[in-house]
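Student: The following block contains a protein sequence and its predicted model.
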Amino acid sequence: MKVKKSMIAGALAVAAFAATLVVGFAPAASACATAHIRTGLGGPGQTVASTCGDLSLIGADDTSGANFDGYAGFLYNSSTGGWQICSSGYYLTADFTASSSSQWVILCTGVLHGTKEGVGSLFDAPDWVWIAY
């Protein structure tokens with residue numbers, strides 16, 4: 001009986017260690033700052049300068065009354081002098097507020113520090129969005 005108990009205890013210890021490794025290496029949220037900004041129609045409204053690698057949608061409030069819109073991230077391309085939509089395109093959603101970073105919607109990734117970025121609405125604007133950048 002002692003052997004079985006020690007084998008079970010050993011297996012539990014190994015499982016706990018493995019769980020610690022998984023949690024220890026989980027990617028951290030890349031946002032360093034948050035803001036409450038207005039969107040533009042088909043392009044950015046208010047803009048911010050990137051402080052970290054991602055632009056994430058952490059909340060949305062469609063002010064048209066429909067309580068639903070599409071939102072996309074836009075980055076300023078200094079070489080062309082224009083705005084470029086991020087590759088993830090528009091994310092369609094009802095009004096929401098994320099309760100944790102696991103619910104954030106990444107609109108742009110790999111954004112260079114200091115790049116101007118903003119959020120555009122697909123159907124109507126301006127709307128209010130909360131972003132992590």
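Tutor: Sure thing, it's come through. Residues are numbered from 1 along each chain as shown.

Student: can you give me the helices for this protein?
Tutor: Using DSSP state H, the helices of the chain run over residues 2-24.

Student: longest strand of it?
Tutor: Longest strand in the chain, counting residues (DSSP state E): strand 68-77.

Student: Extract the CA atoms of it and return them as CSV.
Tutor: Taking C-alpha atoms only, strand 68-77 is exported to CSV below (Å, rounded to 0.1, in the frame of the first residue of the first chain):
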residue,chain,number,x,y,z
PHE,A,68,-23.6,46.1,-33.4
ASP,A,69,-20.8,47.0,-35.8
GLY,A,70,-17.6,45.8,-37.4
TYR,A,71,-14.2,47.1,-36.1
ALA,A,72,-10.8,47.0,-37.7
GLY,A,73,-7.4,48.2,-36.7
PHE,A,74,-5.6,50.7,-38.9
LEU,A,75,-1.9,51.6,-39.0
TYR,A,76,-0.3,54.8,-40.4
ASN,A,77,2.2,54.0,-43.1
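
Student: May I have the strands that pair with that strand, each with its orientation?
Tutor: Note on strand 68-77: by DSSP bridges, its sheet partners are strand 82-85 (antiparallel), strand 91-94 (antiparallel), strand 116-121 (antiparallel).

Student: could you dump those strands to JSON lines with mean neighbour count and mean pLDDT?
Tutor: In this view, the C-beta of every residue, glycine as well, is placed from N, C-alpha and C. Listed next are the strands paired with strand 68-77 as JSON lines, based on neighbours: other C-beta atoms under 10 Å; pLDDT from 0 to 100:
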{"stretch": "strand 82-85", "mean neighbour count": "14", "mean pLDDT": "98"}
{"stretch": "strand 91-94", "mean neighbour count": "14", "mean pLDDT": "97"}
{"stretch": "strand 116-121", "mean neighbour count": "24", "mean pLDDT": "98"}
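
Student: Relative to residue 109, which of these is closest?
Tutor: strand 116-121 (11.4 Å; C-beta to C-beta).

Student: mean confidence score for the longest strand of the chain?
Tutor: Across strand 68-77, pLDDT averages out at 98.
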